[in-house]
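J.: got a predicted model here, sequence first, then my questions.
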Amino acid sequence: MASNIKIPSTRAIISAAASVAATAMLIRSVANDIIPREFRQFFFTNVHRLFTAFTNEVILVIDEFDGLGQNQLFKAAEVYLGSILSPSTKRFRATLPQKEKKINISMETNEELTQKFNGFQIKWRMACKQIRPRYVSQPGGYDSTMLSKPRYYELIFHKKHKDKVIGEYLPYVLERSKAIELEKKTLKLFMLGNDRMMGHRGNPWQSVDLDHPATFDTLAMDTDAKKMVIDDLENFVRRKELYRKAGKAWKRGYLLFGPPGTGKSSLVAAMANYLKFDIYDLELTDVRTNSDLRRHLISTANQSILLVEDIDCSIELTVKRPKKASSASMFPQQYGQENWVTLSGLLNFIDGLWSSCGDERIIVFTTNHKDKLDPALLRPGRMDVHIHMSYCTLCGFKLLASNYLGITDHPLFLVVEQLMKVTNVTPAEVGEQLLKNGEPEIVLACLIEFLEEKKKNVQVENHRSNQQAPKSAVLQEPEEEGGNEGKTSVIGLQAIKELVKTNKVSPAEVQDQVIRENEADIILRRLTQLLQEKKETQVLKIDSGSSAENLSLT
Ligand SMILES: Nc1ncnc2c1ncn2[C@@H]1O[C@H](COP(=O)(O)OP(=O)(O)OP(=O)(O)O)[C@@H](O)[C@H]1O
């Protein structure tokens, strides 16, 4: 049986829908024109209120702006939500701010995100306010329309959790956003710019991005010393209140000393990367006067490291400044010799009023010659922590091998260890060798060859200096080369000669000692021991008739 119900055609459906939409738009635009905006807003707000009166949800609004300034809470929410956007988020916003390297991800308007916190549910919604366009008068008669669409977040939750959201959740969002910002921070290295020479009153510091790869994990350093530095830094940054209570400026001074290539600069970079502090690299020889120094230091920011490298050379150079008279002569009265940066000027700034003009300041001096420094510079309060960067130890070598070669153990490590005990080699030198191309065996063999060569050179050097030593030389005490505790010393050949002269010893006895060992150090040690034993026996026998002139030690 045929039905008499007529099914409308597709064309009829589309044209009906189009005419409904057109009518709706017409009504909307007429309503927008006729009904005042305030009334519309009042109407919609009340309708919304009517609906929400029947629910238990409350909405906390976080506006983008607070008056003319930005609302910190909005910024924090933006950063925090950017870090927890789920894969299901359909639209999000990506920005790359000027001079930044990392892309910022944030929530897009009309998107929602639900999250659980301490057992209750919270919903975030990003929305945008429609603000009436403003006409702005531009110079030259070009008027333009300023469109403003301030954004805001809605935080939606059950009303019984209101206190928890305000007292716990929002502080948590603030804290997390701070940590995320810190992680993303691009560190800067500041140096004194050239325009300060022309007397510019602006900021004398110019910056570049600091992208130094050194961290405490890559630093070859005694494990205990490394831990001590990390603990000290952590204590420093969390003790703001203690410093305040004790009436001390919140600053800490570190003196890094040791031979070149032992990682002083790398340690400073590791400290900056660890704390996320910028570095101000102050070249003291570039600063003309104490008042210039004060000006430069005042314009450094908080949470930064002030670095003065090779402090011994800087202070020495300031004493010799008259040699640089060409630039000084341009400003004879202003930059008279008495106005150069002085040690006392520097000390004044380290613990004078400047140091209390900021928070969380770290001052680092480095030197290859600690003994050359004025004791006034070293006292606690100025340089609170002294860190000795020593030659490479086995522990340091293992860390470098792990970082450079990706191995933690190897039979050749034993040979390297033996050689490092008798050779002063810096981590920089070891790193240079480990950078070579090839299998770990080949690279380690190259390192061993390098250490052997170095050892030979040291022996030749010692031999030469012993020959130049005065005749009256006696057995040398173990030498602490460059403060490298525990390294084997070389016993002076001259001292052995002296002992030979007063003792009866035959060339055969000497030969016997020589063929027993390959290592020059050990041979010399054994000879010394033998000769000393002989001398003691002679004293006992009161036998002084022998001569050893026929023995020649070269
Ligand atoms: N302790 C170390 N751990 C890891 N690498 C190191 C270490 N010491 C030096 N190096 C390597 O050697 C290079 C030079 O080291 P660095 O400039 O830090 O030494 P330095 O003691 O500051 O030398 P200088 O006194 O000449 O300024 C670094 O880039 C790094 O690759």
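T.: Arrived safely, thanks for sending.

J.: residue ranges in the stretch 351-500 of the chain under the pLDDT threshold?
T.: Within the stretch 351-500 of the chain, the stretches with pLDDT under 70 are 354-356, 467-500.

J.: all the helices of it, residue numbers only.
T.: For the stretch 351-500 of the chain, the helices defined by DSSP state H, counting those that start in this stretch occupy 375-378, 394-405, 412-422, 427-434, 440-468, 493-501.

J.: and stretch 363-377, C-alpha only, in PDB?
T.: These are the backbone C-alpha positions of stretch 363-377, laid out as PDB (Å, rounded to 0.1, in the frame of the first residue of the first chain):
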ATOM      1  CA  ILE A 363      80.500  36.300  43.700                       C
ATOM      2  CA  VAL A 364      83.200  34.000  42.200                       C
ATOM      3  CA  PHE A 365      86.900  34.800  41.900                       C
ATOM      4  CA  THR A 366      89.100  32.400  40.000                       C
ATOM      5  CA  THR A 367      92.900  32.300  40.200                       C
ATOM      6  CA  ASN A 368      95.800  30.000  39.200                       C
ATOM      7  CA  HIS A 369      97.800  31.300  42.100                       C
ATOM      8  CA  LYS A 370      96.000  31.500  45.400                       C
ATOM      9  CA  ASP A 371      99.300  32.400  47.200                       C
ATOM     10  CA  LYS A 372      99.500  35.600  45.200                       C
ATOM     11  CA  LEU A 373      96.200  37.000  46.600                       C
ATOM     12  CA  ASP A 374      96.000  39.500  49.300                       C
ATOM     13  CA  PRO A 375      94.800  37.800  52.500                       C
ATOM     14  CA  ALA A 376      92.200  40.600  52.900                       C
ATOM     15  CA  LEU A 377      90.400  39.200  49.800                       C
END
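
J.: wait, does that stretch make contact with the ligand?
T.: Yes - Stretch 363-377 reaches the ligand (Cβ under 6 Å from any ligand atom) through residue 368. Placement of C-beta: from N, CA and C, glycine included.

J.: going forward, the N-terminal residue is numbered 20.
T.: Okay, residue one is now 20; in that scheme the one you just asked about reads as stretch 382-396.

J.: show me which positions of that stretch end up buried.
T.: 382, 383, 384, 385, 386, 387, 389, 392, 396 (16 or more other Cβ atoms under 10 Å).

J.: what about the closest residue to residue 420 other than its chain neighbours, distance to residue 416?
T.: Distance criterion Cβ to Cβ, 6 or more residues apart in numbering; nearest residue to residue 420, sequence neighbours excluded, is residue 426 at 5.8 Å. From residue 426 across to residue 416, the span is 12 Å (Cβ to Cβ, to the nearest Å).

J.: then residue 116?
T.: Counting by Cβ to Cβ, the separation of residue 116 from residue 416 is 43 Å.

J.: who's more crowded, those two?
T.: residue 416 (21 against 9; other Cβ atoms under 10 Å).

J.: correct me, but the more buried one touches residue 448?
T.: No - counting by Cβ atoms under 8 Å, residue 416 does not reach residue 448; the two are 10.9 Å apart.

J.: neighbours of residue 322, how many?
T.: Residues lying near residue 322 (other Cβ under 10 Å) number 16.

J.: quick check: residue 411 vs residue 440, distance?
T.: 11 Å.

J.: run a quick neighbour tally on whichever residue of the stretch 220-369 of the chain sits closest to the ligand.
T.: Per Cβ to the nearest ligand atom, the residue of the stretch 220-369 of the chain with the smallest distance to the ligand is residue 282, at 2.7 Å. Applying other Cβ under 10 Å, we find 24 residues neighbouring residue 282.

J.: what about it, distance to residue 327?
T.: Separation of residue 282 from residue 327 (Cβ to Cβ) stands at 17 Å.

J.: before we move on, what about residue 481?
T.: The gap separating residue 481 from residue 327 is 35 Å, by Cβ to Cβ.

J.: do the same with residue 92
T.: Counting by Cβ to Cβ, the gap from residue 92 to residue 327 is 40 Å.

J.: same question, residue 31
T.: 86 Å.

J.: which one's more surrounded, those two?
T.: Between residue 31 and residue 327, residue 327 has the larger neighbour count (other Cβ under 10 Å), namely 19 against 11.

J.: phi, psi of the more buried one?
T.: Dihedral pair for residue 327: phi -120, psi 110, per degrees, to the nearest 10.

J.: who touches the helix or strand containing residue 142?
T.: Secondary structure assignment for residue 142, by DSSP states H and E: strand 139-147. With Cβ atoms under 8 Å, 6 or more residues apart in numbering as the test, strand 139-147 has contacts from 96, 100, 126-135, 168-177, 180, 183-184, 188.

J.: now do stretch 239-257
T.: So stretch 239-257 is contacted by 235, 238, 271, 282, 286, 290, 293-294, 379, 381, 404, 406-409, 411-412, 414-416, 418-419, 446, 449-450 (Cβ under 8 Å, 6+ apart).

J.: average pLDDT for it?
T.: Regarding stretch 239-257, the rounded mean pLDDT is 92.

J.: how far off centre is that stretch?
T.: Relative to the chain's own centre, stretch 239-257 is displaced by 13 Å; criterion: Cα atoms, centre = their mean, to the nearest Å.

J.: who's in contact with residue 210?
T.: 224, 225, 226, 227, 300, 302.

J.: any stretches of the stretch 70-219 of the chain with poor pLDDT?
T.: Using pLDDT under 70, the flagged stretches of the stretch 70-219 of the chain are 70-72, 117-118, 150-167, 213-219.

J.: what's the closest of the helices of the stretch 370-519 of the chain to residue 41?
T.: Among these, the nearest to residue 41 by Cβ to Cβ is helix 413-424 (70.4 Å).

J.: pLDDT value on residue 534, please?
T.: Per-residue pLDDT puts residue 534 at 50.

J.: got it, and the one 4 residues further on?
T.: Residue 538 is assigned 59 on the pLDDT scale.

J.: which helix or which strand is home to the residue of the stretch 70-219 of the chain found nearest the ligand?
T.: Closest residue of the stretch 70-219 of the chain to the ligand, Cβ to the nearest ligand atom: residue 208 (14.0 Å). Element membership of residue 208, judged by DSSP H and E, is strand 207-211.

J.: need the contact partners of whichever helix or strand comes after that strand.
T.: With elements assigned by DSSP H and E, the helix or strand that comes after strand 207-211 is strand 224-228. Strand 224-228 is contacted by residues 120, 205-212, 297, 299, 315, 318-319 when judged by Cβ under 8 Å, 6+ apart.
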